[in-house]
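[1] Below are the sequence and a predicted model; questions follow.
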Amino acid sequence: MELMDAMLQRHSIRRYADEAIPEEKLEKILEAGRLAPTSMNRKPCVFCLVKDRETLEALASAKSAGAAMLASAGAAIVVFGDSNKADTWIEDSSIALTYMHLMATDQGVGSCWVQMHMRKDANGGDAEDNVRRIMSAPDSYRVVGVLSLGVPAE
Ligand SMILES: Cc1cc2nc3c(=O)[nH]c(=O)nc-3n(C[C@H](O)[C@H](O)[C@H](O)COP(=O)(O)O)c2cc1C
């Protein structure tokens, strides 16, 4: 797909068919994240591919609204930005999320950015803390967002 076509076709897709996403498509989406530029080439991002249903459901509850689609997603990519490696973890993570969102479009995979940074859960708890706990990640791993993925049903 031409880049402009991918940009024109890109939408946030939140409803998914009950079908597995082909492995080679997931690999291409992850590769797009790895190819994203980072400040001073510090590469602070760590990408965690989640397919386990229980973990996807837990991530869906990590914040109070706007994450429900994760429970029925075919997969999700949690983007961590190690704040010990770069003070630009927000920018670096955001660019990686955007690259992967566009690559998902190119591959015909539906995706949606699920913001976690500065968001709260239903009890007022911090969404980023919830994601770190669910994923057993260290405190220095900051979370701008999670990319929800699935075969489009919309
Ligand atoms: C920084 C950022 C955070 C977002 N967070 C969420 C979110 O938490 N939940 C959600 O359903 N969509 C989220 N979105 C998707 C936007 O709602 C969506 O991009 C916007 O409404 C435009 O729709 P489109 O992507 O289909 O063009 C986010 C998008 C961005 C860029």
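    Noted; the coordinates are in hand.
[2] Touching the host helix or strand of Gly33 from outside, list them.
    According to DSSP states H and E, Gly33 maps onto helix 23-35. Contacts of helix 23-35 with the rest of the structure, by Cβ atoms under 8 Å, 6 or more residues apart in numbering, involve 45, 47, 49, 75, 77, 79, 96-97, 99-100, 102-104, 106-109, 111, 147, 149. Just so you know, the C-beta spots here come from the backbone N, C-alpha and C atoms, and that holds for glycine as well.
[3] So which residues of this protein form helices?
    Counting by DSSP state H, the chain has helices at residues 3-9, 23-35, 53-60, 89-106, 127-135.
[4] Against which helices or strands is the shortest one packed?
    In terms of contact count using 3 or more Cβ pairs under 8 Å, 6 or more residues apart in numbering; DSSP states H and E, helix 3-9 is assigned the packing partners helix 89-106.
[5] tell me the angle of the helix it packs on relative to helix 23-35?
    Angle, helix 89-106 to helix 23-35, by axes from the mean of the first three to the mean of the last three Cα atoms, to 10 degrees: 150 degrees.
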